[in-house]
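Novice: model this:
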Amino acid sequence: MARLAPFLLTDGRFPVGAHTYSAGLEPAVAAGLTRARIPALLKARLHTTVVTETAAAVLALRASHHDPVDHEPVQQALAARTPTAPLRDASAALGRGVHRLARRLAPDHLAVTALARLRPRPLRPIALGALAAVLDVGEEALAHGIVYDELQTIASAALKLLPGDPLDSVAWIVAVEPEAAAVVAEALAVRTPTDLPARTPPLIERWALEHDRRERRLFLA
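Specialist: Below is the predicted model:
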């Protein structure tokens with residue numbers, strides 16, 4: 001299973017509710033972002049939100065190999081670095097889907113039962129770290145998977161929000177590969193929750209607050 005598991009984690013059809021999430025694209029489009037600026041958004045998120053969440057997931061995976069498993073330190077560190085309530089809520093909603101899948105696959109796994117003890121609910125990166133432990137996914141594969149999933153989420157949402165040539169989405173992801181590789185390396189180098197990067201993207205946070213007040217929207221965030 002370890003050979004297939006990394007592909008499952010990055011598959012957009014993975015049944016964990018990710019189709020409800022645009023990784024900040026819908027709020028950005030509502031604020032005036034154009035299709036031409038999507039590559040810039042990808043780079044901005046890589047060096048802010050994505051590096052933090054990737055490092056948190058890797059820390060959660062490492063914690064999952066301890067006995068007892070304690071996800072609380074990294075959960076608290078990540079929550080503190082996600083100051084906007086709508087983004088925390090979206091992460092918890094996505095985390096619920098990941099947690100549900102982990103319970104289905106290995107309900108008695110120590111990393112999975114530890115998720116149930118978290119209050120409030122586990123954030124998505126923490127749940128992904130636990131799921132990676134269940135699926136026997138390594139740290140580097142997990143980090144690459146989370147980074148790719150973020151890029152692919154934005155590229156896929158663009159097809160609905162800013163329609164254009166679908167081949168553009170592939171070109172966008174290929175173009176930011178050097179930045180993506182750097183983010184993976186930085187995330188893997190984080191050793192403790194205290195060292196978790198704290199890079200709040202002000203515009204993305206503001207757009208998320210505005211998005212939360214809208215009645216008509218396609219995505220959670």
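Novice: what's the single longest helix in the protein?
Specialist: As assigned by DSSP state H, the longest helix anywhere in the chain is helix 139-161.
Novice: Quick one: mean pLDDT for that one?
Specialist: Helix 139-161 carries an average pLDDT of 92.
Novice: Send me it as CSV with only the CA atoms.
Specialist: Only the C-alpha atoms of helix 139-161 are listed here, as CSV (Å, rounded to 0.1, in the frame of the first residue of the first chain):
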residue,chain,number,x,y,z
GLU,A,139,7.9,12.5,5.3
GLU,A,140,9.2,13.6,2.0
ALA,A,141,6.3,12.0,0.0
LEU,A,142,3.8,13.6,2.4
ALA,A,143,5.4,17.0,2.0
HIS,A,144,5.5,16.7,-1.8
GLY,A,145,1.9,15.6,-1.8
ILE,A,146,0.6,18.5,0.2
VAL,A,147,2.5,21.1,-1.9
TYR,A,148,1.2,19.5,-5.1
ASP,A,149,-2.3,19.3,-3.7
GLU,A,150,-2.3,23.0,-3.0
LEU,A,151,-1.1,23.9,-6.5
GLN,A,152,-3.6,21.5,-8.1
THR,A,153,-6.5,22.8,-6.0
ILE,A,154,-6.0,26.3,-7.2
ALA,A,155,-5.4,25.2,-10.8
SER,A,156,-8.6,23.1,-10.8
ALA,A,157,-10.7,25.8,-9.1
ALA,A,158,-9.5,28.2,-11.8
LEU,A,159,-11.4,26.2,-14.4
LYS,A,160,-14.6,27.1,-12.7
LEU,A,161,-13.9,30.6,-11.5
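Novice: If you count contacts, what does it end up packed against?
Specialist: Packing partners of helix 139-161 (3 or more CB pairs under 8 Å, 6 or more residues apart in numbering; DSSP states H and E): helix 5-9, helix 25-30, helix 38-45, helix 51-64, helix 124-135, helix 167-175, helix 177-189. (C-beta placed from N, C-alpha, C; glycine too.)
Novice: Name the residues of it that are buried.
Specialist: Residues of helix 139-161 classed as buried: 139, 141-158, 161 (neighbour count, 16 or more other CB atoms under 10 Å).
Novice: One more: stretch 31-49?
Specialist: Applying 16+ other CB under 10 Å to stretch 31-49 flags 33, 38-39, 41-49 as buried.
Novice: and those, which two are the farthest apart?
Specialist: Leu33 and His47 (17.1 Å; CB to CB).
Novice: The closest residue to Glu139 other than its chain neighbours: what's it in contact with?
Specialist: Setting aside the residues directly before and after it, Glu139 is nearest to Val58 in space (CB to CB, 6 or more residues apart in numbering), at 5.2 Å. When contacts are counted by CB atoms under 8 Å, 6 or more residues apart in numbering, Val58 touches 129, 139, 142-143, 187-188, 190.
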